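Visitor: I would like to see how this sequence folds:
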Amino acid sequence: MGNADLYARYDKKYIINVPTLSMVVLLLFSESSAGVMSYTDISKATNMQASDLKRTLQALACDKHKLLIKEPKGREIGDDDNFSFNTGFTHRMIKFKVQNLAPMRESTEEVQASRNKMNEDRNPQIDAAIVRVMKARRHMGHQLLIVEVTKQLQSRFQPNPLVIKKRIEGLIERDFLQRQRGDMQTYEYLA
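Guide: So this is what the prediction gives:
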């Protein structure tokens, strides 16, 4: 966050706490002699990603403070919008904060990738819990093992029973566990 000392009507001085990206955009207007800048000009000058720039411009032009004036009016930021500094700006407080409106939305692919990474990070914890339970009990039924593992891990996260089942199968393949002869629903620990 940075502080911007901006002057408005009647030379009243405001101290505005803004995020860094907002400061970059505001500095463009203090250095610009034209007074009006298009979205494209701002994008080229700042080299920001489109999503970051749109959020920043929304916070500056569409939020309650309206430090910038947007033409045409509306909440959505388009590629052909123009912005100018609000020379008629007033605020009841001398010192205030401007925040970005909405956090960036992750795409469904990014969300799925995050979940997959998180599940991969949890797999060793699930494996360790299964081995701890089986080492203590030596043999145990499938449902009881799922319950015990879930109970051990619930303080960290809520494991999915299907994931636990897959991890049990993985431990069987790696010769940590085996199915009991005659009862496929009971596992034995191999030391």
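
Visitor: packing partners for the helix or strand harbouring residue 117?
Guide: Under the criterion of DSSP states H and E, residue 117 resides in helix 108-137. With contacts defined as 3 or more Cβ pairs under 8 Å, 6 or more residues apart in numbering; DSSP states H and E, helix 108-137 has these neighbours: helix 142-153, helix 161-173, strand 183-189. Heads up, the C-betas are built off the backbone N, CA and C, glycines and all.

Visitor: average pLDDT for the first one?
Guide: Helix 142-153 shows a mean pLDDT of 92.

Visitor: burial of the nearest residue to residue 172 once chain neighbours are set aside, as a residue count?
Guide: Leaving aside its sequence neighbours, residue 172 sits nearest to residue 178 (Cβ to Cβ, 6 or more residues apart in numbering; 6.3 Å). Residue 178 is flanked by 13 other residues according to other Cβ atoms under 10 Å.

Visitor: any idea how far residue 80 lies from residue 148?
Guide: In this view, residue 80 and residue 148 are 62 Å apart by Cβ to Cβ, to the nearest Å.

Visitor: neighbour count winner among the two?
Guide: Taking neighbours as other Cβ under 10 Å, residue 80 and residue 148 compare with residue 148 leading, 18 against 9.

Visitor: ok, that one - contacts?
Guide: 133, 140 (Cβ atoms under 8 Å, 6 or more residues apart in numbering).

Visitor: try residue 190
Guide: With contacts defined as Cβ under 8 Å, 6+ apart, residue 190 is in contact with 175, 176, 177, 178.

Visitor: recalculate using a threshold of 10 Å.
Guide: Neighbouring residues of residue 190 by Cβ atoms under 10 Å, 6 or more residues apart in numbering: 134, 138, 171, 172, 174, 175, 176, 177, 178.

Visitor: buried ones only from the residues you listed, please, as a ChimeraX command.
Guide: Remark: buried members of the contacts of residue 190, expressed as a ChimeraX selection using 16 or more other Cβ atoms under 10 Å:
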select :134,171,176,177
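
Visitor: closest to residue 70 out of the contacts of residue 190?
Guide: Closest approach to residue 70 among the contacts of residue 190 (Cβ to Cβ): residue 171, at 59.1 Å.

Visitor: tell me the pLDDT at the closest one?
Guide: For residue 171, the pLDDT comes out at 90.

Visitor: residues in contact with it?
Guide: 126, 127, 130, 131, 134, 177, 178, 187, 189, 190.

Visitor: if I look at it, how far off is residue 130?
Guide: For residue 171 relative to residue 130 (Cβ to Cβ), the value is 6 Å.

Visitor: any shared contact partners between the two?
Guide: 177, 187, 189.
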